[in-house]
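Here is the input, now give the coordinates:
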Amino acid sequence: MHFTIRILFPLFLIGIIACSAQPADERATAAAPELTSGNPQEVTPPSELALLMRRMAAHADSVKVGLARGDKELPPYPTEIATLFTATPTKDMHIDPITFPTFGKDYQDKVAALYDAARRDRPAAYNALVQSCANCHSTHCPGPMMRIKKMYVAVK
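Predicted coordinates:
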């Protein structure tokens, strides 16, 4: 009898505690009622420059995939990079008026060099393009550096 009580009593307590505990989603609602008031949290849309940088990264990704497959042709030339100097940056983001244009011009030159490169030289030209991204982002907006480091390709 004592043995049964020793086993059943703790199980009974655990059952009561488990039944009285609030589910995780109810705890979150209780802690932050303003999030459930029907008004979705407003998020600032990305700036023109941020969107352009995303398109630049997508272009680089497509070049990298094409190089890995051995494609004869590169993806279409990214004409939108012409807006690099006129795209509005993220609010409160400091864009140095001396270094940013220098880095931006270097990037544009590296894209042109990639498209001018012989097929066998494209991996090196692509890596030079990625390095131009790293050079700028080491000075301006270092957040994407981890992603940029993964963009390089092996050169044979």
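
how about the nearest residue to Pro101 once chain neighbours are set aside, what does it touch?
Of all residues not flanking Pro101 in the chain, Phe85 sits nearest, at 6.2 Å (C-beta to C-beta, 6 or more residues apart in numbering). (Glycine included, C-beta is placed from N, CA and C.) Shown in contact with Phe85 (C-beta atoms under 8 Å, 6 or more residues apart in numbering): 100-101, 104.

what's the weakest-modelled helix or strand in this structure?
helix 24-31 (a mean of 48; mean pLDDT, DSSP states H and E).

So which of the contacts of Phe85 sit within helices?
If you go by DSSP state H, the contacts of Phe85 have 100-101, 104 in helices.

what does the average pLDDT come to for the host helix or strand of Lys110?
Taking DSSP states H and E as the definition, Lys110 sits inside helix 99-116. Confidence over helix 99-116 (mean pLDDT, whole number) is 97.

List the buried residues for it?
Residues 100, 103-104, 106-108, 110-111, 113-114 are the ones in helix 99-116 that count as buried (16 or more other C-beta atoms under 10 Å).

could you dump it to PDB, C-alpha only?
Output of helix 99-116 as PDB, limited to C-alpha atoms (Å, rounded to 0.1, in the frame of the first residue of the first chain):
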ATOM      1  CA  THR A  99      34.300  55.800 -50.000                       C
ATOM      2  CA  PHE A 100      30.900  54.500 -51.100                       C
ATOM      3  CA  PRO A 101      31.200  55.900 -54.700                       C
ATOM      4  CA  THR A 102      34.700  54.500 -54.900                       C
ATOM      5  CA  PHE A 103      33.500  51.000 -53.800                       C
ATOM      6  CA  GLY A 104      30.400  51.300 -56.000                       C
ATOM      7  CA  LYS A 105      32.400  52.100 -59.100                       C
ATOM      8  CA  ASP A 106      34.800  49.200 -58.300                       C
ATOM      9  CA  TYR A 107      31.800  46.900 -58.200                       C
ATOM     10  CA  GLN A 108      30.400  48.100 -61.500                       C
ATOM     11  CA  ASP A 109      33.800  47.700 -63.100                       C
ATOM     12  CA  LYS A 110      34.100  44.200 -61.700                       C
ATOM     13  CA  VAL A 111      30.700  43.300 -63.200                       C
ATOM     14  CA  ALA A 112      31.800  44.600 -66.500                       C
ATOM     15  CA  ALA A 113      35.100  42.700 -66.300                       C
ATOM     16  CA  LEU A 114      33.200  39.500 -65.500                       C
ATOM     17  CA  TYR A 115      31.100  39.900 -68.700                       C
ATOM     18  CA  ASP A 116      34.300  40.800 -70.700                       C
END
